[in-house]
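In: Curious how this folds, go ahead:
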Amino acid sequence: MTPHISDNTTAGAPADESITHIQVDGFDAVPQIIDLDAPREGVPLVIETQAGLERCAAALAAGTGPAGVDAERASGFRYGQRAFLVQIRREGAGTWLIDPEPFEDLRIINEALEGVEWILHAASQDLPCLSELGMWPAKLFDTELAARLAGLPRVGLAAVIEQLLGFGLAKEHSAADWSTRPLPEPWLRYAALDVEVLAELREELIELLEEGGKLDYAEQEFTAILEAGVAPPRVDPWRKTSGLHQIRDRRQLAAVRELWLERDALARKRDVAPGRLIPDAALVAAAKAMPSTVPQLLATKGFHGRAAQREAPRWLRCISAARDLEELPPLHLPTNAPPPPRVWADRDPEAAARLATARPLLQELADQLVLPLENLLTPDFLRRLAWRPPSEISEESVAEQLAALGARRWQVELTAPVIAAAFLDPQPLPAKEAKSAD
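Out: Purely as a prediction, here's the structure:
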């Protein structure tokens with residue numbers, strides 16, 4: 001690889017020399033970080049015409065090996081999470097930057113990459129917006145997830161590239177408004193660099209995973225991501241309003257719902273992030289105060305700015321509608337999830353003992369494997385299993401229940417014996433917790 005090297009590179013470490021690695025915390029590290037500040041073939045032109053899109057598809061189809069893929073959104077600026085730039089790099093095809101806005105979809109690109117493995121970093125963030133464009137990989141390699149399973153101490157893209165390849169990658173434009181047109185050249189350079197070394201990074205991570213006997217774990221995780229697909233729309237999304245836990249009255253809860261739904265409709269119409277109209281904290285404050293006049297509303301904490309003042313009658317109508325409702329939403333939706341573990345000692349001491357015994361044993365296993373506990377087993381799976389274990393506890397029954405919850409085969413094989421042993425011989429709760437349970 002021969003990336004552009006910035007002027008601050010120390011003399012004696014030219015780009016064409018091999019980089020000498022040293023060991024730091026069990027991983028290769030480089031004594032000198034080389035700034036990766038320009039794509040090797042320069043900054044590509046942005047594809048925004050059908051002819052350009054067809055050239056891109058042809059080039060990608062003729063390329064070889066996996067394709068590095070990334071997408072940039074305008075989170076916090078525009079409504080929703082759609083992609084405003086798609087970046088793709090493949091050996092033999094180079095790097096392509098695509099503006100999705102002029103096109104109905106990017107299915108032609110998806111067809112060009114049929115059967116090709118896609119390399120993404122934190123795939124769960126980008127796959128939903130790529131899916132909206134008609135793009136979905138047949139095979140996946142997630143460099144962020146691979147880095148977690150390999151046990152790297154830092155798993156952000158820039159950090160992983162630095163640790164494994166010795167290149168410094170700036171991330172100063174990650175939170176930019178990518179709906180800006182035309183996109184500034186520094187942003188395009190940043191976007192192209194995001195896929196510049198994904199193929200090389202994949203090779204390094206595969207080597208690490210193979211050394212640790214974890215490549216099969218990673219492949220199972222990647223397959224699970226693709227099989228899960230895009231999550232369905234959330235039921236009652238307004239219940240995710242930040243600060244909603246402060247509401248203890250059902251009529252106030254109805255006010256939050258009416259305000260949230262109205263704000264969402266207005267934000268969709270204006271194509272702006274809902275929080276830029278009115279922040280969540282203001283919705284909750286208004287629901288608690290239940291103002292009936294414009295001055296009272298505008299005196300509510302957080303209700304300031306153009307959208308608050310200009311649309312004040314709109315927000316008051318929502319509060320008025322909530323005030324007149326006969327059927328109010330329940331404070332909490334029915335759930336089969338266990339209660340918070342902090343109350344287990346009082347409500348079910350045996351379940352608390354199972355959880356308290358199993359959790360440190362799983363942590364010990366995760367430490368031995370050099371991977372995060374949450375990647376060894378989803379914490380919610382352990383809580384559900386400890387709260388409602390199989391009627392007859394055995395390694396087989398625990399394994400069956402873990403699989404039903406969605407644990408991958410490698411997770412089941414590693415954790416079922418540990419959990420079963422813990423559940424069969426739970427340790428007594430500490431005296432303080434046991435006294436509380438009594």
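
In: so how far is whatever helix or strand residue 57 lives in from its chain's centroid?
Out: Element membership for residue 57 (DSSP states H and E) is helix 50-62. Relative to its chain's centre, helix 50-62 lies at 30 Å (CA atoms, centre = their mean, to the nearest Å).

In: Equivalent analysis for stretch 260-275, please.
Out: With CA atoms, centre = their mean as the basis, the mean position of stretch 260-275 lies at 23 Å from the chain mean.

In: buried residues in it?
Out: Buried residues in stretch 260-275, counted by 16 or more other CB atoms under 10 Å: 260, 262, 263, 266, 267, 272, 273, 274. From N, CA and C alone the C-beta is placed, and that goes for glycine too.

In: on that earlier part again, can I get the CA coordinates of the next helix or strand along the chain from the helix holding residue 57 in PDB?
Out: Going down the chain from helix 50-62, the next helix or strand is strand 64-73, by DSSP H and E. The C-alpha coordinates for strand 64-73 follow below in PDB (Å, rounded to 0.1, in the frame of the first residue of the first chain):
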ATOM      1  CA  THR A  64     -11.700  -8.300  -7.600                       C
ATOM      2  CA  GLY A  65     -11.900  -9.300  -4.000                       C
ATOM      3  CA  PRO A  66     -14.100  -7.800  -1.300                       C
ATOM      4  CA  ALA A  67     -15.600  -4.300  -1.400                       C
ATOM      5  CA  GLY A  68     -15.100  -1.800   1.300                       C
ATOM      6  CA  VAL A  69     -18.400   0.100   1.800                       C
ATOM      7  CA  ASP A  70     -19.400   3.000   4.000                       C
ATOM      8  CA  ALA A  71     -22.200   5.600   4.100                       C
ATOM      9  CA  GLU A  72     -22.600   9.100   5.500                       C
ATOM     10  CA  ARG A  73     -25.800  10.300   7.000                       C
END
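
In: what is the orientation angle of strand 64-73 with helix 50-62?
Out: 140 degrees (axes from the mean of the first three to the mean of the last three CA atoms, to 10 degrees).

In: Residues touching strand 64-73, excluding its own?
Out: 60, 81-92, 113, 116-121, 126, 129-130, 137, 141, 176, 178, 191, 194-196, 198-199, 202 (CB atoms under 8 Å, 6 or more residues apart in numbering).

In: among those, which are in helices?
Out: Per DSSP state H, helices hold the following members of these: 60, 126, 129, 130, 191, 198, 199, 202.

In: show me what contacts residue 99?
Out: Contacts of residue 99 by CB under 8 Å, 6+ apart are 46, 47, 48, 84, 85, 183.

In: how far away is residue 351 from residue 365?
Out: 21 Å (CB to CB, to the nearest Å).

In: now swap in residue 310 and tell me
Out: From residue 310 over to residue 365 (counting by CB to CB), the distance is 57 Å.

In: How about residue 112?
Out: 43 Å.

In: what does residue 303 give?
Out: Going from residue 303 to residue 365 by CB to CB gives 51 Å.

In: between those two, which one's more packed in?
Out: Using other CB atoms under 10 Å as the criterion, residue 303 and residue 365 rank with residue 303 on top: 24 against 17.

In: between the buried residues of stretch 260-275, which is nearest residue 97?
Out: Proximity of these to residue 97 (CB to CB) peaks at residue 273, which lies at 23.6 Å.

In: what sits against that closest one?
Out: By CB under 8 Å, 6+ apart, the contact list for residue 273 reads 74, 75, 76, 77, 78, 79, 267.

In: Select only the buried ones of those residues in PyMOL?
Out: Buried residues within these, by 16+ other CB under 10 Å, are selected in PyMOL with:
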select buried, resi 74+77+78+79+267
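
In: Select from the contacts of residue 273 every entry located in strands.
Out: The members of the contacts of residue 273 all map outside strands under DSSP state E.

In: and the contacts of residue 273, which of them are in helices?
Out: Of the contacts of residue 273, the ones assigned to helices by DSSP H are residue 267.

In: Pick out whichever of the contacts of residue 273 sits closest to residue 324.
Out: Nearest to residue 324 among the contacts of residue 273: residue 267, at 24.7 Å, using CB to CB.

In: how close does the nearest residue to residue 155 once chain neighbours are set aside sit to residue 375?
Out: Spatial nearest neighbour of residue 155, excluding adjacent residues (CB to CB, 6 or more residues apart in numbering): residue 147 at 4.2 Å. Computed with CB to CB, the distance linking residue 147 and residue 375 is 11 Å.

In: neighbour-wise, which of those two wins?
Out: Neighbour count, other CB under 10 Å: between residue 147 and residue 375, residue 147 has more, with 27 against 16.

In: Wait, that one touches residue 157, no?
Out: No. Assessed by CB atoms under 8 Å, residue 147 is found out of contact with residue 157, at 9.1 Å.

In: How far off centre is stretch 410-430?
Out: For stretch 410-430, the distance to the chain centre is 29 Å (CA atoms, centre = their mean).

In: Might one say that residue 114 is in contact with residue 138?
Out: Yes. Residue 114 lies in contact with residue 138 (CB under 8 Å); the separation is 6.7 Å.

In: More neighbours: the two, which one.
Out: Higher neighbour count among residue 114 and residue 138: residue 138, with 12 against 9, using other CB under 10 Å.

In: list the contacts for the more buried one?
Out: By CB under 8 Å, 6+ apart, the neighbours of residue 138 are 114, 115, 116, 117.

In: Now, of these, which are buried?
Out: By neighbour count, with 16+ other CB under 10 Å, those hold 116, 117 as buried.

In: average pLDDT for whichever strand or helix holds residue 97?
Out: Following DSSP H and E, one finds residue 97 within strand 94-98. Averaged across strand 94-98, pLDDT comes to 98.

In: in it, what counts as buried?
Out: For strand 94-98, using 16+ other CB under 10 Å, the buried residues are 94, 95, 96, 97, 98.

In: Identify, from those, the entry nearest to residue 239.
Out: For the buried residues of strand 94-98, the nearest to residue 239 is residue 98 (35.8 Å; CB to CB).
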